[in-house]
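Peer 1: below: sequence and its predicted model.
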Amino acid sequence: MNFIDEVLIKVSAGDGGNGCLSFRRAKNLPKGGPDGGKGGSGGDVILKTNPNLNTLARFRYEKYFQATSGKKGLSMNKSGADGEDLIIEVPLGTIIYDETIKEKIADLDSDQEEVVVAKGGKGGLGNLRFKSSTNRSPRRTTQGEGGGSLDLKLELRVLADVGLLGKPNSGKSSLVNAVSSAHPKIADYEFTTLKPSLGVVDYISDKSFVISDIPGLISGASKGVGLGFQFLRHLSRTRLILQIIDVENKEVKGIETESKELLKELAEFDSNLTQKVQWLLLNKIDLISKEQQMKLERRLKKQQDLKVYLISAKQRLGTESLMKEIGFALEKIDQ
């Protein structure tokens with residue numbers, strides 16, 4: 001699996017440089033005073049989003065990151081050079097946790113957003129800093145401060161307007177493929193999708209939204225069964241969730257049962273997410289008769305609180321009008 005959405009790393013900022021102990025010496029100043037400069041500050045460790053990244057795979061093997069330390073202070077009251085900041089690029093949607101105290105540090109969901117996760121140490125003071133009227137030849141300096149060090153957990157959550165909730169092989173990948181420029185892997189076996197795929201849907205000429213095909217749900221996913229949290233956490237970013245069910249060889253009762261199972265798993269993971277589910281998509285209608293289609297639509301619309309849509313993602317039946325309605329619904333959410 002090349003999609004990595006949770007990693008543990010260690011970061012260390014640079015140490016501050018030590019202050020300098022030095023006395024000025026010149027022919028015309030045989031008793032020159034102290035001139036030791038301060039040490040340079042250590043470099044910070046900064047995490048910054050890069051919109052071109054979509055995985056945390058880099059951190060699978062690269063686990064430790066160290067910024068450079070500041071240089072020691074110099075004579076003639078010259079400060080040591082500061083250490084360089086270390087900028088670590090991560091995908092949009094990366095959440096940063098302090099793994100030691102289990103607290104969230106930042107949620108990076110904007111382009112070029114950055115956060116300092118470890119601050120470099122301050123440079124030490126040179127002996128010039130300690131010169132006074134009572135101590136004209138101080139030999140005192142201070143050492144640079146140590147840089148901060150943290151164990152971090154990085155968690156990636158896909159940023160999409162619309163997420164697809166469905167069991168394996170329900171047609172989620174086919175739908176994303178039909179309505180957007182994304183081309184997720186499609187095949188007739190379970191768990192074809194091992195990583196979320198994002199697609200841009202142009203529902204009218206000048207407006208669009210992002211739809212995400214997320215790995216299929218199986219019973220017990222909320223407790224970590226199957227792809228478990230690796231799938232469910234990504235739905236928390238979406239504004240709308242579409243429930244999609246394969247209608248081939250299924251009666252109304254079977255569809256209702258599957259719908260309830262999906263909502264149950266979603267609620268057990270996060271009850272707030274069920275409020276985002278407003279559509280029930282009955283997919284693969286090209287595999288059933290017109291009479292069966294009308295029967296399903298008529299009965300389910302009476303019994304469901306959700307908007308019921310009959311589509312065939314593979315044949316692109318009903319998908320265009322569905323995407324337009326979803327786009328308009330998103331506009332109302334933004335108002």
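Peer 2: Structure's in. What do you need?
Peer 1: for residue 79, grab the count of nearby residues.
Peer 2: Here the count is done by other CB atoms under 10 Å, and residue 79 has 20 residues near it. Any C-beta I mention is one placed from the backbone N, CA and C, and that applies to glycine too.
Peer 1: how close does it sit to residue 131?
Peer 2: 16 Å (CB to CB, to the nearest Å).
Peer 1: what do you get for residue 80?
Peer 2: Taken as CB to CB, the span from residue 80 to residue 131 is 19 Å.
Peer 1: okay, the two: which has more neighbours?
Peer 2: residue 80 (25 against 17).
Peer 1: part of a helix, is that one?
Peer 2: No: according to DSSP: H, G, I helix; E, B strand; the rest coil, the state of residue 80 is coil, so it is not within a helix.
Peer 1: output stretch 98-117 as CSV, nothing but the C-alphas.
Peer 2: Output of stretch 98-117 as CSV, limited to C-alpha atoms (Å, rounded to 0.1, in the frame of the first residue of the first chain):
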residue,chain,number,x,y,z
ASP,A,98,2.3,15.9,20.2
GLU,A,99,2.6,12.1,20.7
THR,A,100,3.9,12.4,24.2
ILE,A,101,1.0,14.3,25.7
LYS,A,102,-1.5,13.2,23.0
GLU,A,103,-2.5,16.8,22.1
LYS,A,104,-3.2,18.4,18.8
ILE,A,105,-0.6,21.0,17.7
ALA,A,106,-2.1,22.1,14.4
ASP,A,107,-4.4,21.2,11.6
LEU,A,108,-2.9,22.3,8.3
ASP,A,109,-5.7,22.6,5.7
SER,A,110,-4.6,25.6,3.7
ASP,A,111,-2.1,26.0,0.9
GLN,A,112,1.4,27.0,2.1
GLU,A,113,0.3,27.0,5.7
GLU,A,114,3.1,26.4,8.2
VAL,A,115,3.6,25.9,11.9
VAL,A,116,6.8,25.9,14.0
VAL,A,117,6.8,22.6,15.9
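Peer 1: what about residue 176, how many neighbours?
Peer 2: 27.
Peer 1: find me the pLDDT at it, would you?
Peer 2: Per-residue pLDDT puts residue 176 at 89.
Peer 1: could you find the closest non-adjacent residue to it?
Peer 2: Spatially, and ignoring its direct neighbours in sequence, residue 176 is nearest to residue 213 (4.1 Å; CB to CB, 6 or more residues apart in numbering).
Peer 1: the one you found and residue 323, how far apart?
Peer 2: 14 Å.
Peer 1: so those two - more neighbours on which side?
Peer 2: residue 213 (30 against 22).
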